[in-house]
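Chemist: Next comes the sequence, and after it the predicted model I'd like to discuss.
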Amino acid sequence: MRSRLFWRRSAAAAGTYSSAVLGFLGTVVAAHVFSTHTFGLFAIVIAAAGLFQILLDLTMEEALIKFGFRYVTREDWGRLRRLFTSAIAVKLTGGVLAAGVLAALAPAADAFFNKEGLTTPFLIVALLPLVQSTENVGGVAINLHGRYDIRSLFLCLSMALRLTAIAVAAPHGLTATVAAIVAAQLFATAAVDTAGWIAYRRFPQHAAVPLGEDRRAVISFVGQSTAATAVVSLTMPLAILVLGRVASTAQVAWFRAALSPQQAFAVLSSPARMILLTEQTRAWERGTRSAVFAGIRRYMTLGAVLVAVLLPPLLVFTPTIVRILFSEKNLGAVDATRLVIVAGALRLVYGWTKSLPVSIGRPSLRIWTHGLEMLVLVPLAGILGAKWGATGAAGAVLASSVAFCVYWTFLYLRIRREPEPAAQPVEPVAA
């Protein structure tokens, strides 16, 4: 049993790290092939797609994980079926709405950003939220079997397809690249949804039944998760778009390049976070609360050791790293990259904060903590970015990360002092 668990965790780590490398290579290829100006436009288009997808989508995935494990544990297959059918309908609706809004805004994109050449890419990228809408639902069905290793392999496939799309289409311009990314995402979503359907069919098949007394709890959980995800995911696209309003396209390109280390640190911890989400949710539902806190302590210890080893050489060799990865034309990103590296290191140590609120049924915690992060980052990105460009925006990233970690330290200590887990699956927590 331990051997099988070890291999699953190892495969999950390998698949997730591979997907990270492939996703990062996509940014590297775009930075090398595109001019600095075009790379800045590319960052604006992708950020806008993510922004409206988040604004108009409901986050059903976390409720699927939390209540899905509950229904699997209770063998309540009728409610599990209702949960999944509702999730698919909600995700498709959100994708359609996001696509419609992006398409409607496309004609005004050039005027809003004071840039040229954004209208057609905006029209094409409008399809991205729709084709991506159900991918995570299929992934949850896989995770409910404890097969986060298989889910990570599909993440790898998705990034491989996106890298291929950028590598093939980037020499043909921004519009061709955006179209290729949309096509790659369509294939990736189809693959994950097919595997998710097979995984779901392995559960006993019963007719859907109403959620009953769980309905209010599920709706509350989805509402809080959606608000939390919106705050989390909107923060960086908003910072990029704000910088795009107050600074040149070159500064946007350098800021986008500088954000790569933060993404790398996040991905470095993602296998552990995927495992924590699955195993700690199961442990919390079974009442073994001490196992959840022990896992967090182990995670933070290992994260701190890893940061102590990696941070000094990364800061020393930042100019070389930027030159190799993003070419001489993007050396203006060096100072910004150093600031983001420090911020990313902090966030790696606190990576468990992404899974804990879901595991304990308190997604509202993410609203408060990431809300504080947004309130610090977005205004500062505009103020500092107008004066110092990419470096100023990166300083805003560091300041917001410090505020986030301090607030989470306070919340974690408060949760530890609580004598028992909440009786209800969802318990709003005041800030």
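Modeler: Done, it's in.
Chemist: in the stretch 1-150 of the chain, which spans are helices?
Modeler: 2-33, 36-55, 61-74, 77-105, 109-113, 119-125, 128-132, 135-143, 148-169 (DSSP state H, counting those that start in this stretch).
Chemist: I'd like to know which of those helices lies nearest to residue 399.
Modeler: helix 36-55 (20.2 Å; C-beta to C-beta). C-betas here are computed from N, CA, C, even on glycine.
Chemist: what angle separates the closest one from helix 77-105?
Modeler: Calculated by axes from the mean of the first three to the mean of the last three C-alpha atoms, to 10 degrees, helix 36-55 forms an angle of 140 degrees with helix 77-105.
Chemist: now the helices of the stretch 1-150 of the chain as JSON lines including mean neighbour count and distance to residue 287?
Modeler: Listed next are these as JSON lines, based on neighbours: other C-beta atoms under 10 Å; distance: least, C-beta to C-beta, whole Å:
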{"stretch": "helix 2-33", "mean neighbour count": "17", "distance to residue 287": "21"}
{"stretch": "helix 36-55", "mean neighbour count": "23", "distance to residue 287": "34"}
{"stretch": "helix 61-74", "mean neighbour count": "21", "distance to residue 287": "11"}
{"stretch": "helix 77-105", "mean neighbour count": "19", "distance to residue 287": "21"}
{"stretch": "helix 109-113", "mean neighbour count": "16", "distance to residue 287": "52"}
{"stretch": "helix 119-125", "mean neighbour count": "21", "distance to residue 287": "46"}
{"stretch": "helix 128-132", "mean neighbour count": "23", "distance to residue 287": "36"}
{"stretch": "helix 135-143", "mean neighbour count": "23", "distance to residue 287": "21"}
{"stretch": "helix 148-169", "mean neighbour count": "21", "distance to residue 287": "22"}
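Chemist: Dump the ones you listed to CSV, plus mean pLDDT and distance to residue 235.
Modeler: Shown next, in CSV, are the helices of the stretch 1-150 of the chain (pLDDT from 0 to 100; distance: least, C-beta to C-beta, whole Å):
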stretch, mean pLDDT, distance to residue 235
helix 2-33, 77, 19
helix 36-55, 82, 10
helix 61-74, 81, 18
helix 77-105, 86, 18
helix 109-113, 82, 19
helix 119-125, 91, 20
helix 128-132, 89, 18
helix 135-143, 85, 19
helix 148-169, 88, 22
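Chemist: between the ones you listed, which one is nearest to residue 283?
Modeler: Judging those by C-beta to C-beta, what sits closest to residue 283 is helix 61-74, at 10.2 Å.
Chemist: Does the closest residue to residue 339 other than its chain neighbours lie in a helix or a strand, and which?
Modeler: Counting by C-beta to C-beta, 6 or more residues apart in numbering, residue 339 lies nearest to residue 394, which is 4.0 Å off, once chain neighbours are set aside. According to DSSP states H and E, residue 394 maps onto helix 364-417.
Chemist: okay, the angle between that helix and helix 61-74?
Modeler: Using the same axes, to 10 degrees: helix 364-417 against helix 61-74 is 50 degrees.
Chemist: for residue 177, what are its contacts?
Modeler: Applying C-beta atoms under 8 Å, 6 or more residues apart in numbering, we find residue 177 in contact with 30, 42, 165, 166, 169, 170.
Chemist: Residue 36 is in contact with residue 42, correct?
Modeler: No. Using C-beta atoms under 8 Å, residue 42 is not in contact with residue 36; the gap is 10.6 Å.
Chemist: Mutual contacts of these two, please.
Modeler: Residues touching both residue 42 and residue 36 (C-beta under 8 Å, 6+ apart): none.
Chemist: one step back: can you redo the helices of the stretch 1-150 of the chain as JSON lines with distance to residue 269?
Modeler: Converted to JSON lines, these look like this (distance: least, C-beta to C-beta, whole Å):
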{"stretch": "helix 2-33", "distance to residue 269": "9"}
{"stretch": "helix 36-55", "distance to residue 269": "21"}
{"stretch": "helix 61-74", "distance to residue 269": "18"}
{"stretch": "helix 77-105", "distance to residue 269": "26"}
{"stretch": "helix 109-113", "distance to residue 269": "33"}
{"stretch": "helix 119-125", "distance to residue 269": "28"}
{"stretch": "helix 128-132", "distance to residue 269": "23"}
{"stretch": "helix 135-143", "distance to residue 269": "17"}
{"stretch": "helix 148-169", "distance to residue 269": "13"}
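Chemist: how about those, which one is nearest residue 184?
Modeler: Comparison of the helices of the stretch 1-150 of the chain against residue 184 by C-beta to C-beta identifies helix 148-169 as nearest, at 3.8 Å.
Chemist: which residues are contacting the closest one?
Modeler: Here helix 148-169 makes contact (C-beta under 8 Å, 6+ apart) with 7-16, 18-20, 22-23, 25-26, 29-30, 135, 139, 142-143, 176-177, 179-181, 183-185, 187-188, 191-192, 195, 271, 274-275, 278.
Chemist: Need the CA coordinates for it. CSV is fine.
Modeler: C-alpha atoms of helix 148-169 as CSV (Å, rounded to 0.1, in the frame of the first residue of the first chain):
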residue,chain,number,x,y,z
TYR,A,148,-3.8,12.7,-8.8
ASP,A,149,-1.0,11.1,-10.7
ILE,A,150,-3.2,10.6,-13.8
ARG,A,151,-4.5,14.2,-13.4
SER,A,152,-1.0,15.5,-13.4
LEU,A,153,-0.2,13.6,-16.6
PHE,A,154,-3.2,15.4,-18.3
LEU,A,155,-1.8,18.7,-17.1
CYS,A,156,1.4,17.7,-18.8
LEU,A,157,-0.4,16.9,-22.0
SER,A,158,-2.2,20.3,-21.9
MET,A,159,1.0,22.2,-21.6
ALA,A,160,2.7,20.1,-24.3
LEU,A,161,-0.1,21.0,-26.7
ARG,A,162,0.1,24.7,-25.8
LEU,A,163,3.9,24.7,-26.2
THR,A,164,3.5,23.1,-29.6
ALA,A,165,0.9,25.7,-30.6
ILE,A,166,3.2,28.6,-29.7
ALA,A,167,6.3,27.1,-31.3
VAL,A,168,4.5,26.4,-34.6
ALA,A,169,2.4,29.6,-34.8
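Chemist: begin at 424 from here
Modeler: OK, 424 is where the count begins now, so the last one is helix 571-592.
Chemist: avg pLDDT for the helix or strand following it?
Modeler: Heading C-terminal from helix 571-592, the first helix or strand you meet, by DSSP H and E, is helix 597-624. For helix 597-624, mean pLDDT is 92.
Chemist: After helix 597-624, which helix or strand is next?
Modeler: For helix 597-624, the following helix or strand on the C-terminal side (DSSP H and E) is helix 638-669.
Chemist: what does the average pLDDT come to for that following helix?
Modeler: Computed over helix 638-669, the average pLDDT equals 79.
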